[in-house]
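Engineer: A predicted structure for the sequence below; I have some questions about it.
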Amino acid sequence: MMPNTPELTPKDSKDWTWTLSRACPDCGFDASVVDPAQVPSLIEELTAPWAEVLARPEPGARASFAVWSPLEYACHVRDVCDLFASRTALMRHRDNPTFLNWDQDDTAREDRYAAQDPKVVAGQLAWAAYRWAQEYAGCSPQERGRTGMRSNGSPFTIATLGAYGCHDLAHHLWDVGADR
């Protein structure tokens, strides 16, 4: 295993919104067929395996310099759940908001993902997933059509944000070799 060197990890500059229209060739998750009513249960299903991932020996070790460790991915998933809960609430309560830019790589460095305690992260991730699932579950079918926009101009509804976020959760389980 490689030592943690977050400063050497290349930034992810891909636009992943294409996952809303077709299955991901890597993880196989197809966000285009996600039933909006199932998003809260999918959030739970796709975050539950992280407790086991974080209980692995050396969850903070990287397999290569360019790939996050399972611990770093878990911190990211926790923060994604927090971010998507906030963005869902923002769309519910404001008309067509524009989301502030979030640089996941800067967050990983600034929050020292690699130095966090796996047991603490497991609890935080479970809480963040619960919070997002509850916020989403509180949306009526009509509210799921409310809109928001990413800072790069990508439009979302609450429903498409939920499906997009579920792909992110599934993909990161795939990244660390966990079953969903």
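Structural biologist: Sure thing, it's come through.

Engineer: switch to C-alpha atoms for all contacts and neighbour counts from now on
Structural biologist: Noted.

Engineer: Hmm, residue 167 is touching residue 33, no?
Structural biologist: No: contact status for residue 167 versus residue 33: not in contact, 11.1 Å apart, counting by C-alpha atoms under 8 Å.

Engineer: These two: who's more crowded?
Structural biologist: Comparing residue 167 with residue 33 by other C-alpha atoms under 10 Å, the one with more neighbours is residue 167, at 27 against 12.

Engineer: what ranges do the helices span in the protein?
Structural biologist: Using DSSP state H, the helices of the chain run over 39-47, 50-54, 70-93, 104-110, 118-137, 158-175.

Engineer: Nearest to residue 148, out of those?
Structural biologist: helix 70-93 (5.9 Å; C-alpha to C-alpha).

Engineer: tilt between that closest one and helix 158-175?
Structural biologist: Relative orientation of helix 70-93 versus helix 158-175 (axes from the mean of the first three to the mean of the last three C-alpha atoms, to 10 degrees): 180 degrees.

Engineer: Let me have the helices of the chain in JSON lines, adding distance to residue 60 as columns.
Structural biologist: Formatted as JSON lines, the helices of the chain follow (distance: least, C-alpha to C-alpha, whole Å):
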{"stretch": "helix 39-47", "distance to residue 60": "18"}
{"stretch": "helix 50-54", "distance to residue 60": "9"}
{"stretch": "helix 70-93", "distance to residue 60": "5"}
{"stretch": "helix 104-110", "distance to residue 60": "13"}
{"stretch": "helix 118-137", "distance to residue 60": "8"}
{"stretch": "helix 158-175", "distance to residue 60": "14"}
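
Engineer: In a markdown table, list these along with distance to residue 23 and mean pLDDT.
Structural biologist: Shown next, in a markdown table, are these (distance: least, C-alpha to C-alpha, whole Å; pLDDT from 0 to 100):
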| stretch | distance to residue 23 | mean pLDDT |
| --- | --- | --- |
| helix 39-47 | 16 | 98 |
| helix 50-54 | 23 | 98 |
| helix 70-93 | 20 | 97 |
| helix 104-110 | 23 | 91 |
| helix 118-137 | 22 | 98 |
| helix 158-175 | 9 | 97 |
